[in-house]
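Chemist: no sequence on this one, just coordinates:
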C-alpha cells in the first residue's frame, strides 16, 4: 500500500511539473491584472455609491435642522399666544425630529468610517496593481529561456521577492538623494 501511495505521489509530482512548464507566467500575470482591474472598478463604483449616500444623508440632515429651527419659531409664536395644546404638539414634532437627527448622525458617522476604510483599501489595492503591472512589464521583457535552462527569471515568486523594495531602502535612498542635492 505504501509503495502504491509513493508511486502515485511521484506521478502527481511529474504531472504538476509538466503543467508548470506548460503554463505561461506572462498570460497568468496578465489575467491576474485584468481581474484586479475589474475588482478595483467594482470597488470604485461601491465607493461612489457610498459617497452619494453620504451626500444624501448630509442633505437630509440639513433639512431636519431647518425643520427644528422652523418648529422653534412656531413654538415661540405658540407660547406668546398661550396655545399650550398646539405647543405640546409642536414639541412632540421637535422631539421626533431631533431623534431622527440623532439616528441620522449615527448612520452618517458609521458610513463615513466605512467610506474611509474602503478608500484606504482601494489605495492599497491600486498600489498592488501598479506593482503587478511593473512586474508584468519585466516578465514581458525577459529573454525566453533556452531548452533546459533554469534561469532565475523562471521563478516568478523569486523575482517578486527580489523586486520588493523595503521602507528602509527607500529611506536610505531618500537621505542619499537629499544630501546630494543639499551639497550641490
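Modeler: Thanks, I have the structure now. Note that the coordinates shown come from a computational prediction; the quantities given were computed from them, not determined experimentally.

Chemist: residues of stretch 49-58 that come out buried?
Modeler: Buried residues in stretch 49-58, counting neighbours by 16 or more other CB atoms under 10 Å, are found at 50, 54, 57. Where C-beta positions appear, they are placed from N, C-alpha and C, glycine not excepted.

Chemist: residue 126: what's it in contact with?
Modeler: residue 40 (CB atoms under 8 Å, 6 or more residues apart in numbering).

Chemist: tell me how far it lies from residue 105.
Modeler: Separation of residue 126 from residue 105 (CB to CB, to the nearest Å) stands at 31 Å.

Chemist: from the chain's centre, how far out does the helix or strand hosting residue 31 sit?
Modeler: Using DSSP states H and E, residue 31 sits in helix 25-81. Averaging C-alpha positions (CA atoms, centre = their mean, to the nearest Å) puts helix 25-81 17 Å from its chain's average.

Chemist: count of neighbours near residue 70?
Modeler: Using other CB atoms under 10 Å, residue 70 is surrounded by 14 other residues.

Chemist: beyond the helix-or-strand element of the chain with minimal mean pLDDT, next helix or strand please.
Modeler: Sorting the helices and strands of the chain by mean pLDDT, DSSP states H and E puts helix 156-163 at the bottom, at a mean of 56. Sequence-wise, the next helix or strand downstream of helix 156-163 (DSSP H and E) is helix 167-183.

Chemist: can you pull out the residues in contact with that following helix?
Modeler: Under CB under 8 Å, 6+ apart, the answer for helix 167-183 is an empty list.

Chemist: quick one: average pLDDT of that helix?
Modeler: Averaging pLDDT along helix 167-183 yields 78.

Chemist: contact partners for residue 91?
Modeler: The neighbourhood of residue 91, defined by CB under 8 Å, 6+ apart, consists of residue 75.

Chemist: please begin residue numbering at 33 from this point
Modeler: Okay, residue one is now 33; in that scheme the one you just asked about reads as residue 123.

Chemist: gap between it and residue 111?
Modeler: Taking CB to CB, one finds residue 123 at 10 Å from residue 111.

Chemist: go on, residue 159?
Modeler: Look at residue 159 and residue 111: by CB to CB, they are 60 Å apart.

Chemist: ok, now residue 209?
Modeler: Computed as CB to CB, the residue 209 to residue 111 distance reads 71 Å.

Chemist: swap in residue 90?
Modeler: Counting by CB to CB, the gap from residue 90 to residue 111 is 32 Å.

Chemist: ok, now residue 89?
Modeler: 33 Å.

Chemist: same thing with residue 170?
Modeler: For residue 170, the distance to residue 111 equals 77 Å [CB to CB].
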